[in-house]
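Asks: I need the structure of the sequence given here:
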Amino acid sequence: MTKSEIPVMPKFFDRYINLADNTFILSALEQSASFESLVPAETLEALGDFRYAPGKWTVKDIVQHVIDNERIMAYRALRFSRNDQTVLPGYEEELFGEFAKATRRTISDLYDEYAVVRKSSIMLFKSFDDEMLLRSGICFQQTISVLALGFVLVGHATHHANIIKERYLPLLV
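Replies: Numbers count the residues shown, from 1 in each chain. This next block holds a predicted model:
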């Protein structure tokens with residue numbers, strides 16, 4: 001199924017979904033299966049633990065956030081695909097960022113983890129048929145379909161890669 005087949009475009013999440021191409025969900029997930037394809041690792045290594053402003057995340061924190069978010073969105077997709085109608089809570093990304101301690105990790109390690117987590121998401125979405133993809137549930141106080149959650153995975157990674165390119169990379173010159 002493609003992005004244009006999302007039954008209801010969820011507010012807030014639409015900003016991520018709109019960054020994904022209107023292709024089949026598995027193709028979209030596979031095309032962004034490595035963070036290296038979005039931002040070269042050597043570029044992030046050059047930035048180290050730099051923060052472009054006080055209180056902002058390092059690029060390592062950003063990649064860790066993308067990984068954490070991928071796990072959470074895939075979990076939501078799993079629950080909704082199985083027709084679980086339990087209302088799922090949001091999560092506190094700043095708290096996750098503070099306690100993940102991503103600056104102790106290497107970019108290579110983070111990129112490896114991203115690839116493994118994305119591979120897991122791809123396998124999960126391969127298991128869904130169209131009926132499962134169109135099921136929905138409530139999270140973050142709104143209805144969202146499994147298909148929409150898949151495109152959130154793609155667009156969220158792209159969104160944060162764009163932030164790195166726009167706000168961090170100019171600092172290297």
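Asks: what's the next secondary structure element after the least confident helix or strand in the chain by mean pLDDT?
Replies: Every helix and strand of the chain was ranked by mean pLDDT, DSSP states H and E. The lowest is helix 41-47, at a mean of 92. Downstream of helix 41-47, the first helix or strand assigned by DSSP states H and E is helix 59-81.
Asks: please state the offset of that next one from the chain centre?
Replies: Averaged C-alpha coordinates place helix 59-81 at 5 Å from its chain's average position (Cα atoms, centre = their mean, to the nearest Å).
Asks: give me the number of residues near Ile72?
Replies: Under the neighbour criterion other Cβ atoms under 10 Å, Ile72 is assigned a count of 17. Glycine gets a C-beta too; all of them are placed from N, C-alpha and C.
Asks: separation between the residue nearest to it when sequence neighbours are not counted and Asn18?
Replies: With sequence-adjacent residues excluded and distances taken as Cβ to Cβ, 6 or more residues apart in numbering, Ile72 is closest to Tyr91, at 5.9 Å. Using Cβ to Cβ, to the nearest Å, Tyr91 is found at 22 Å from Asn18.
Asks: how about Tyr114?
Replies: Per Cβ to Cβ, Tyr114 is found 22 Å from Asn18.
Asks: of these two, which one has the most company?
Replies: Legend: neighbour count by other Cβ under 10 Å for Tyr114 and Asn18, higher for Tyr114 (22 against 14).
Asks: now do the helices in this protein.
Replies: Secondary structure of the chain (DSSP state H): helices located at 14-17, 25-31, 41-47, 59-81, 93-100, 107-126, 130-134, 146-163.
Asks: among those helices, show the one with the smallest mean pLDDT.
Replies: Note on the helices of the chain: helix 41-47 shows the lowest mean pLDDT, a mean of 92.
Asks: who's in contact with that helix?
Replies: Helix 41-47 is contacted from outside by 35, 58-60, 63, 107-108, 111, 164, 168-169, 171-172, using Cβ atoms under 8 Å, 6 or more residues apart in numbering.
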